[in-house]
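[1] Test case, fold it:
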Amino acid sequence: MTRNLIVINLLIYITSVLLLRRGIDLNELGGLHYFGASNFHFWQLITYQFLHSTASIDHVLSNMFALFMFGSSIEYFWGSKRYLIYYLLCGVSAGLVQELSWYYELQEVMRYDFVQLPSGLIARDAFLGLLNTVGASGAVFGILLASGVLFPNSYVLIGFALPLKMKYFVFLYGVIELYAGIHNTWGQVAHFAHLGGMIGGAILIYLWRKKGVIR
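    Numbering: from 1, shown residues only. Next comes the predicted model:
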């Protein structure tokens, strides 16, 4: 299933790039929009997970590399079906947290009918329609969280030089994402969506363990 997910994401990325050259923007259609915008649809909570920025291949490659590194062991431990359910629900959780983040950030904007952008004034509703996020990062962060829970004492090499236990690596990464989200570090990266994937993963693992369906 991990390999299938990687192949699907790469094929969709290639398709997105090719269609964009013909004037068809899959990221606009399937990316996750703000729930208060007219171009929001609930199914985008699934489709956005399989779309990536067409501006650079780095986005999809970094996500797929992380999925390759950490996904297979989780799939082997849980089985393909539960692994896929976990992956998708972590992505949904990430999307919901991103929506909450937007809602909080837009409180001031919602008081006005127009928004001032560098390019000029734009109607508020049109501005809301511009908000869009894509990527498998939220689901991948859920996989990362599962790795820290299931294999806490396994080691991961930081920068191919510094060995760090998985539980500490996941905790450190979570703290970095929280800091970056609060301080709006690294531009357009959806840090709160990443945290949302981890939160969703933690909840799922807790519930499944409580029911005794996983160890």
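[2] which residue sits closest to the spatially most central residue of the chain in space, ignoring its chain neighbours?
    Centroid check for the chain by C-alpha atoms, centre = their mean gives Gly138 as the closest residue, at 2.4 Å. Distance criterion C-beta to C-beta, 6 or more residues apart in numbering; nearest residue to Gly138, sequence neighbours excluded, is Ala94 at 2.2 Å. Bear in mind the C-beta positions are built from the backbone N, C-alpha and C, glycine included.
[3] now swap in Thr47 and tell me
    Nearest residue to Thr47, sequence neighbours excluded (C-beta to C-beta, 6+ apart): Gly30, at 3.6 Å.
[4] how many neighbours does that neighbour have?
    Applying other C-beta atoms under 10 Å, we find 21 residues neighbouring Gly30.
[5] Can you tell me the element the residue nearest to Gly138 falls in?
    In the assignment (DSSP states H and E), Ala94 maps to helix 80-105.
[6] ok, then the element right after the lowest-mean-pLDDT helix or strand in the chain?
    Lowest on mean pLDDT, DSSP states H and E among the helices and strands of the chain sits strand 114-117, with a mean of 79. For strand 114-117, the following helix or strand on the C-terminal side (DSSP H and E) is strand 120-123.
[7] Tell me where the chain is predicted with low confidence.
    Across the chain, the ranges flagged by pLDDT under 70 are 160, 185-187.
[8] Would you map the helices across the protein?
    2-20, 26-30, 44-47, 58-78, 80-105, 124-130, 137-150, 166-182, 191-211 (DSSP state H).
[9] Could you dump these into CSV and include distance to Leu117?
    Below are the helices of the chain laid out as CSV (distance: least, C-beta to C-beta, whole Å):
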stretch, distance to Leu117
helix 2-20, 23
helix 26-30, 18
helix 44-47, 23
helix 58-78, 24
helix 80-105, 15
helix 124-130, 7
helix 137-150, 26
helix 166-182, 22
helix 191-211, 22
